[in-house]
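# any chance you could fold what I've pasted below:
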Amino acid sequence: MRTVEFRRDGELRLAVIPEHAEAATDVTAQLPTGAAEPAGLAAAIRLARTEHVPLCDLLAGMAERSGEGVDVDAARGWVGGLPVSAPVVAPETWAAGVTYRRSREAREAESEHAADVYAQIYDAERPEIFLKDVGGRRSVGPHAPVAIRGDSAWTVPEPELALILDADGAIVAVTLGDDVTARDIEARNPLYLPQAKIYDSACSLGPCALIAPAGGELGEFELELTVRDAAGELVYTGTATTASMVRGFEQLSRWLRRSNTVGDGTVLLTGTGIVPPDDVALQPGHIVAISCPRIGTLTNEVFRHPTAEAVSVSAAEARA
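Residues are numbered from 1 along each chain as shown. Here you go, the predicted structure:
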């Protein structure tokens, strides 16, 4: 079972898509309302937790009771003729780093003077976890543009599986995410990580949420990244599997919640195992597509953020 969020007349709505179906059921009318309530999938997650029922069972029951069906065009990212939004308006979006060996090797290579920092994180019990966004302010959904910082010459996509958690830390769903990163800024000094990771339109989520089964067993996920230029020519492609992660999903969720309260619908990006080579840097007009057979394809066009001056150095100089 999958869910999608979309907006109709400014209202955030939630639709449930049964497995192998191209039609959905709008269950918005059955969700709790009010200024204090979260909207969309976050509201359903909160309701399932307070009623002590698995989210998948709650949504299945809602879909059976609701009479409003809507068409789904998965390829174009439309529901009922309206564009799909991010799958959840997350109260917070967090991200874990250096969870794959390939990611550790790339971080060490790009920042040789601090290579031991990344090696220590990879081998340590405590993972790297950082805040990426709050309230969806810096995140976008499918087909919305993601940004290059105005002061970065070497920005890359980081395709990741994203966990969707309830307030107890249970993994209730997963989606795809792009943790867009200014690698040249991070490479200069690890303390610049927040500036490399956190800025407007630096995260995308979607296209849908795959709801976890009642038993909670998610299994492995195959991810593919494709980057094409404005003319449609292939710039880069790569694949990874979550089976290569050095840390488990539940382990990352537990560490996130140490001395830290999370809300229903919190998103946790789990790190990337697909690292483009040093000669690949996102450019305006590039199209980034992150695919997973069980979830779908998250597609975003790239633009350069207009509110900051562009750097004068080239991407090659930035990597030097």
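
# ok, which stretches of the stretch 1-150 of the chain are strands?
2-8, 11-17, 23-26, 69-73, 78-79, 82-83, 92-97, 128-134, 139-140, 146-148 (DSSP state E, counting those that start in this stretch).

# just the stretch 151-300 of the chain next, same as before
155-156, 159-165, 171-179, 181-182, 203-211, 222-228, 234-241, 266-269, 287-292, 296-304.

# out of the ones you listed, which is closest to residue 7?
strand 203-211 (13.8 Å; C-beta to C-beta). The way it works is simple: take the backbone N, C-alpha and C, and place the C-beta from them, glycine included.

# just for the stretch 101-250 of the chain, where's the confidence low?
102-116 (pLDDT under 70).

# re the thing from before, right, so of the strands of the stretch 1-150 of the chain, which gets closest to residue 174?
Between those, strand 2-8 lies closest to residue 174; by C-beta to C-beta that is 10.2 Å.

# for the residue nearest the centre of the chain, which residues make a bridge with it?
Most central in the chain under C-alpha atoms, centre = their mean is residue 177, positioned 2.1 Å from the mean C-alpha point. Beta bridges link residue 177 to residue 160, residue 205, judged by DSSP bridges.

# if I look at it, how far off is residue 204?
7 Å (C-beta to C-beta, to the nearest Å).

# equivalent analysis for residue 134, please.
16 Å.

# so for those two, which sits in the more crowded spot?
residue 204 (28 against 13; other C-beta atoms under 10 Å).

# show the contacting residues for the more buried one.
86, 139, 140, 141, 142, 144, 146, 177, 178, 180, 298, 300 (C-beta atoms under 8 Å, 6 or more residues apart in numbering).

# neighbours of the second one, how many?
In terms of burial, residue 139 registers 26 neighbours under the definition other C-beta under 10 Å.

# quick one: contacts for residue 196?
152, 181, 182, 183, 185, 186.

# okay if I get those as JSON lines plus neighbour count and distance to residue 62?
Listed next are the contacts of residue 196 as JSON lines, based on neighbours: other C-beta atoms under 10 Å; distance: C-beta to C-beta, whole Å:
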{"residue": "152", "neighbour count": "28", "distance to residue 62": "43"}
{"residue": "181", "neighbour count": "23", "distance to residue 62": "37"}
{"residue": "182", "neighbour count": "26", "distance to residue 62": "41"}
{"residue": "183", "neighbour count": "26", "distance to residue 62": "43"}
{"residue": "185", "neighbour count": "23", "distance to residue 62": "44"}
{"residue": "186", "neighbour count": "23", "distance to residue 62": "43"}
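
# all good on my end, thank you.
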